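> have a look at this fold, sequence not included:
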């Protein structure tokens, strides 16, 4: 693992997407370690044949259901690539700090 730390994995993600493996990327809006803009930047570098369709789709706001108000996350997806933006979450998008939005991702896999 030491040699793998902080290395790009764009080629591996491309290969998985080409084999129709579902890829889910999620990012906390307030993450200072792995910033959302950085995650978006590496996604833009993919060579996957569905990338242009993925990028042309709008982000869709997702809500937490009855009793919750306001947007809690956004998702953009095309075929087997899913990208979630979790609002109000930092680096550790967890069921403890963002229970409903993060559970929605986990149970949607």
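Perfect, thanks for sending it. On a predicted model such as this, the values are computed, not experimentally measured, just so you know.
> tell me which stretches of the protein form strands.
Under the criterion DSSP state E, the chain contains strands at 23-28, 60-63, 71-78, 81-86.
> out of those strands, which gets nearest to residue 44?
strand 81-86 (11.0 Å; Cβ to Cβ). Just so you know, the C-beta spots here come from the backbone N, C-alpha and C atoms, and that holds for glycine as well.
> from the contact counts, what lies against the closest one?
The elements that strand 81-86 packs onto, with contact taken as 3 or more Cβ pairs under 8 Å, 6 or more residues apart in numbering; DSSP states H and E, are strand 23-28, helix 36-44, strand 71-78, helix 99-108.
> ok, now which ones touch the nearest residue to residue 58 once chain neighbours are set aside?
Leaving aside its sequence neighbours, residue 58 sits nearest to residue 76 (Cβ to Cβ, 6 or more residues apart in numbering; 7.2 Å). With contact taken as Cβ atoms under 8 Å, 6 or more residues apart in numbering, residue 76 is in contact with 54, 57, 58, 59, 60, 82, 83.
> where does residue 61 land on pLDDT?
Note on residue 61: pLDDT of 85.
> circling back to that earlier point, which residues does the residue nearest to residue 58 bridge with?
On DSSP bridges, the residues paired with residue 76 through beta bridges are residue 83.
> number of residues surrounding residue 54?
When neighbours are defined as other Cβ atoms under 10 Å, residue 54 has 20 of them.
> where does pLDDT dip in the protein?
Of all residues in the chain, those with pLDDT under 70 make up the ranges 1-4, 65-69, 90-109.
> related to what we said a few turns ago, could you identify the buried members of the contacts of residue 76?
For the contacts of residue 76, a burial check counting by 16 or more other Cβ atoms under 10 Å picks out 54, 82, 83.
> now those in JSON lines, with distance to residue 21?
Formatted as JSON lines, the entries for the buried ones among the contacts of residue 76 read as follows, by distance: Cβ to Cβ, whole Å:
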{"residue": "54", "distance to residue 21": "15"}
{"residue": "82", "distance to residue 21": "12"}
{"residue": "83", "distance to residue 21": "15"}
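> ok, those residues vs residue 27, which is closest?
residue 83 (7.7 Å).
> need the contact list for that closest one.
24, 25, 26, 27, 39, 40, 43, 54, 75, 76, 77.
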